[in-house]
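# fold the following and give me the result.
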Amino acid sequence: MKIGLVYELQEANGAEEHRMPPDAAALASTDEVDHVGTIFEGLGYQVEDIDTRSIRGLGVFAGRDFRKGEVVVHATGKVIPFQTEYSIQIDWDRHLNVDSPVRQMNHSCDPNLGVKTNVNGFPRFVALRDIKQEEELTWDYAMTEYTHYKRDNPESEFDLSCHCGAPNCRGKLGYYSELPEEIKQKYAGFVSDYLLTK
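From the prediction side, this is the model:
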């Protein structure tokens, strides 16, 4: 299934939501749809199976070359008041339950994408360096997440171990509040705006 990604901001019952065009609506429910091999035309990326033997599962790969500073993908989804395994924090009490392909993008302690916040507070992912076609697109979750919020139900917790394989891997999914100052300086200009308001 090939689609062009065109989004518009809609207001629905007081909830902010970015919507895909009708032909892409089925793609938003990642729990029910297999995205392996799906090509997202226009912005040039695709969701693929990295390695069926790998704990990392799905990943998103560049469908074309991207230049440093170029916007690669816009995060879309529904704003919710709590953190989930697949949400992105966009404010102190707001999280974005993201759609594909961002939902399948993996964390790396040595990412090739950084975060720029748009006018709605939603993250846009930009190239931190030149990215070649077929290279996996990754970002450091600490660029958007302030901390890990403990779950009331222990069964809702998820593994925080990092398997990115980068030489500088920190060993666990990071949060901005835990980053050493040198990494915060390295990421300056590429983290969610709300993180800089505390």
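
# got the phi/psi numbers for the spatially closest residue to Val98 that is not a sequence neighbour?
In space, and not counting its chain neighbours, Val98 is closest to Gly77: 4.1 Å by CB to CB, 6 or more residues apart in numbering. Every residue, glycine included, has its C-beta placed from N, CA and C. Dihedral angles of Gly77 (phi, psi; degrees, to the nearest 10) stand at phi 150, psi -160.

# one more: the one 3 residues further on?
Ile80 has phi and psi values of phi -130, psi 160 when expressed as degrees, to the nearest 10.

# then Ala62?
Dihedral pair for Ala62: phi -70, psi 130, per degrees, to the nearest 10.

# got the contact list for the most centrally placed residue in the chain?
Centroid-nearest residue in the chain: Val102, 4.3 Å away (criterion: CA atoms, centre = their mean). Applying CB atoms under 8 Å, 6 or more residues apart in numbering, one finds that Val102 lies in contact with Val60, Val73, Ala75, Thr76, Gly77, Ile88, Phe125.

# mind doing that once more with 10 Å?
By CB atoms under 10 Å, 6 or more residues apart in numbering, the contact set of Val102 is 45, 60, 73-77, 86, 88, 96, 123, 125, 137, 139.

# okay, and the nearest residue to Glu134 once chain neighbours are set aside sits in which element?
Among residues not flanking Glu134 along the chain, Phe61 sits closest, at 5.5 Å (CB to CB, 6+ apart). In this structure, Phe61 sits in strand 58-62 according to DSSP states H and E.

# residues of the next helix or strand after that strand that come out buried?
Per DSSP H and E, the first helix or strand lying C-terminal to strand 58-62 is strand 71-74. Across strand 71-74, burial judged by 16 or more other CB atoms under 10 Å covers Val72, Val73, His74.

# looking at those residues, spot the one nearest Gly114.
Set against Gly114, the nearest of the buried residues of strand 71-74 by CB to CB is Val72 (9.9 Å).

# what's around the spatially closest residue to Thr138 that is not a sequence neighbour, how many residues?
With sequence-adjacent residues excluded and distances taken as CB to CB, 6+ apart, Thr138 is closest to Ser108, at 3.6 Å. Neighbourhood size, Ser108 [other CB atoms under 10 Å]: 21.

# got the contact list for Ser108?
136-141, 162-166, 168-169.

# which of those fall in strands?
Using DSSP state E, the members of the contacts of Ser108 that fall within strands are Thr138, Trp139.

# of the contacts of Val102, which is the nearest to Leu196?
Distance to Leu196 across those (CB to CB) is lowest for Pro123, with 13.8 Å.

# distance of that closest one from Gly77?
Plainly put, Pro123 is 10 Å away from Gly77 if you go by CB to CB, to the nearest Å.

# overlap of the contact sets of these two?
Common contacts of Pro123 and Gly77 (CB under 10 Å, 6+ apart): Ile88, Ile90, Leu96, Val98, Val102.
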